[in-house]
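> below is the sequence, then the predicted model.
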Amino acid sequence: MTAGVDHLVVGTASLEPGVQWLADRLGVAPAGRGRHHRYGTHNALWNLDGGTYLELIAVDPEAPDPGRPRWFGLDRFSGPPRLVHWVLRRPDLDAPWAAEHGRPTPLTRDHLAWTLTVPDDGGLPVDGSGVWPSLIAWDGAHPSDGLDDAGLALDRLVLSTPAADSLRARLVAAGLVGHLGNRVTVTPGPVALRAELRTPGGPVVL
């Protein structure tokens with residue numbers, strides 16, 4: 001798969017209340033669920049468009065301690081569910097700057113296999129804001145292939161950061177040229193991450 005927005009990450013302190021909150025916002029129930037034994041987390045998934053999906057993720061209270069920091073800063077997550085991060089898909093993770101986004105970590109779940117950059121401290125990459133993406137490369141099947149199409153789509157991902165020029169240059173270098181100024185917008189300003197979605201009930205902003 002070519003470079004693009006792979007998925008959005010919504011954090012929640014507890015999965016089931018988060019599922020209810022997000023399903024109410026989107027007007028659509030999740031199309032899939034899963035567990036990540038290596039990191040002691042579980043999730044629910046919604047299909048967006050064009051090989052993109054939305055992931056709601058939380059610490060799994062039934063999982064044993066993973067013996068390592070959980071990804072996406074979930075060990076420190078508190079408060080209501082919210083969009084915390086996004087993941088950029090690349091065919092490979094061998095760019096010299098990729099290590100700045102975390103350690104490439106091979107992972108599997110059921111029939112899925114992928115490599116994701118994960119910082120050693122389990123936090124969000126580069127500056128901890130969630131605006132700079134994690135990088136992912138899939139080996140074969142993609143999660144969106146098995147998720148029902150419920151009429152959801154990502155219209156625009158807006159990334160605001162004081163380091164806008166640096167982030168924009170990094171995304172161009174990552175191969176996201178076709179999305180910049182269209183699906184992905186990088187703007188200078190205070191750190192903020194916003195996803196504009198189309199749903200069966202109308203536009204929704206996360």
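On my side now, so go ahead.
> the residue located most distally from the centre of the chain and P143: what is the separation?
In the chain, the residue that sits farthest from the middle, by Cα atoms, centre = their mean, is P64; the gap is 23.6 Å. Distance, P64 to P143, by Cβ to Cβ, to the nearest Å: 24 Å. Where C-beta positions appear, they are placed from N, C-alpha and C, glycine not excepted.
> now H85
16 Å.
> C-terminal to the longest helix anywhere in the chain, what's the next element?
Looking across the chain with DSSP state H, the single longest helix is helix 15-26. Using DSSP states H and E, the helix or strand that follows helix 15-26 in sequence is strand 32-36.
> show me the contact partners of that following strand.
41-45, 60, 63, 107, 109-110, 143, 146-147 (Cβ atoms under 8 Å, 6 or more residues apart in numbering).
> pull the CA atoms of it into CSV?
Output in CSV follows, covering the C-alpha atoms of strand 32-36 (Å, rounded to 0.1, in the frame of the first residue of the first chain):
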residue,chain,number,x,y,z
GLY,A,32,-14.3,-5.0,14.7
ARG,A,33,-12.4,-5.5,18.0
GLY,A,34,-9.1,-6.9,19.0
ARG,A,35,-6.5,-7.4,21.8
HIS,A,36,-2.8,-6.6,21.8
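> you'd agree S134 is up against R90?
No: taking contacts as Cβ atoms under 8 Å, S134 lies outside contact range of R90: 10.6 Å.
> anything in contact with each of the two?
By Cβ under 8 Å, 6+ apart, no residue touches both S134 and R90.
> pLDDT weak spots in this structure?
Low-confidence segments of the chain (pLDDT under 70): 1, 50, 177-182.
> can you pull out the strands in it?
4-11, 32-36, 41-47, 53-59, 82-89, 103-109, 112-118, 134-138, 153-161, 184-188, 192-199, 202-205 (DSSP state E).
> summarise which helices and strands the first one is packed against.
Pointing back at strand 4-11 there. Secondary-structure packing of strand 4-11 (3 or more Cβ pairs under 8 Å, 6 or more residues apart in numbering; DSSP states H and E): strand 53-59, strand 82-89, strand 153-161.
> how does it look with 6 Å?
Packed against strand 4-11 by the contact rule (3 or more Cβ pairs under 6 Å, 6 or more residues apart in numbering; DSSP states H and E) you find strand 53-59, strand 82-89.
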